[in-house]
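# Sequence first, predicted coordinates after that:
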Amino acid sequence: MIATESLSKRFPRVTALDRLSMDIGPGVTGLVGANGAGKSTLIKILLGLSPASEGRAEVLGLDVATKGGEIRERVGYMPEHDCLPPDVSATEFVVHMARMSGLPPAAARERTADTLRHVGLYEERYRPIGGYSTGMKQRVKLAQALVHDPDLVFLDEPTNGLDPVGRDEMLGLIRRVHTDFGISVLVTSHLLGELERTCDHVVVIDGGKLLRSSSTSDFTQTMATLAVEVTDTDAHPDGTRAVREALAARGVTLQATTEEGLPGAGHILLLEATGEETYDLVRDTVAELGLGLVRMEQRRHHISEVFKDEPAPEEVTAR
Ligand SMILES: Nc1ncnc2c1ncn2[C@@H]1O[C@H](COP(=O)(O)OP(=O)(O)OP(=O)(O)O)[C@@H](O)[C@H]1O
């Protein structure tokens, strides 16, 4: 679907992409990187909107340097920032975008209604966009990216500005773009955790360089960290320590880091989760010690935190 070969983009003061080589197949792929990693720059080059300084890239087998127009006919794009006209309705806007991509009027109206229904905006479709919530605006942006039935969509930070429920809904919608319509997706985020749940494949970039490109299952195996926080009791005045010792005796790998927990509770224990059985083991251990479980959650990693110590590979093509 997407292939880049030693792709670089240099601005006068910054190298936004640095010899990036990767190969992305069909399905839902996450492009993860901290702010400024080069995600939006890569998307603009892949759409043929901005020239690369060096190297080459193909989207759907088309060279981005010469076939930008054809690429944009077959690829949908949801930009990161708010770019919606406030005084028109979702229907008017999406019909307009469908017409811009070449659909005749009747087909544009029909596809708009279908797409707005799919993104969950059907009831609200005649209200002006200016009165929409952030989540609704993100859905309009998603709808306009899908309306011309592309083979592939680029979604730039679609969960930005959303609360946890809105994020989950958007991630579910993105998954269905692929499962219901067979459209492949490249979705960017600065949170690896949320893409783990949605994507088949994850590409991580940092400072414009490729850090890693692998299937999501490979990631989750190495990344599943469980954060556990317990209360103290008279019998166990340092509850965290008691749990740590009991879990270590049961063969659970504990990570060195601890951090402050909620007021009144102990410190946070970080441990490696190998699967559902780790959750059961923690719950049973805490109960046997007579402690209260304040929280047990899978850690959502901030990408810069996870990868800051890893050396960047010279050139990696993983797929
Ligand atoms: N037109 C431009 N002129 C100069 N520098 C730019 C330009 N566009 C991007 N950059 C720089 O290139 C680097 C990569 O930016 P880019 O927008 O691609 O990052 P990003 O990963 O998409 O992050 P964000 O999510 O914050 O947009 C940044 O240092 C940015 O300041």
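Received it, and whenever you're ready, just let me know what you need.
# Just the buried residues of stretch 153-173, please?
153-160, 162, 166-167, 169-171, 173 (16 or more other Cβ atoms under 10 Å). For glycine as for every other residue, the C-beta is placed from the backbone atoms N, C-alpha and C.
# and residue 241, how far is that from residue 232?
9 Å (Cβ to Cβ, to the nearest Å).
# So which of the buried residues of stretch 153-173 reach the ligand?
Of the residues in the buried residues of stretch 153-173, proximity to the ligand by Cβ under 6 Å from any ligand atom holds for residue 157.
# Relative to the ligand, which of the buried residues of stretch 153-173 is nearest.
residue 157 (5.8 Å; Cβ to the nearest ligand atom).
# sec struct for that closest one, please.
coil (DSSP: H, G, I helix; E, B strand; the rest coil).
# Spit out the contact partners of it.
Counting by Cβ atoms under 8 Å, 6 or more residues apart in numbering, residue 157 touches 39, 80, 188, 189, 190.
# Which of the residues you listed fall within helices?
residue 39 (DSSP state H).
# now, which of the contacts of residue 157 lie close to the ligand?
Within the contacts of residue 157, those near the ligand by Cβ under 6 Å from any ligand atom are residue 39.
# ok, the contacts of residue 157 vs residue 209, which is closest?
residue 39 (12.6 Å; Cβ to Cβ).
# What subset of the contacts of residue 157 is buried?
Buried among the contacts of residue 157 (16+ other Cβ under 10 Å): 39, 188, 189, 190.
# pLDDT at the second one, what is it?
What it means is residue 188. Looking at residue 188, its pLDDT stands at 93.
# That one reaches residue 46, doesn't it?
No - with contacts defined as Cβ atoms under 8 Å, residue 188 does not count as touching residue 46, sitting 11.5 Å away.
# okay, and the common contacts of those two?
Residues touching both residue 188 and residue 46 by Cβ under 8 Å, 6+ apart: none at all.
# which secondary structure elements does the longest helix along the chain contact?
For the chain, the helix that runs over the most residues, judged by DSSP H, is helix 164-181. On a contact count with 3 or more Cβ pairs under 8 Å, 6 or more residues apart in numbering; DSSP states H and E, helix 164-181 meets strand 28-32, helix 105-118, helix 134-146, strand 184-189, helix 192-198.
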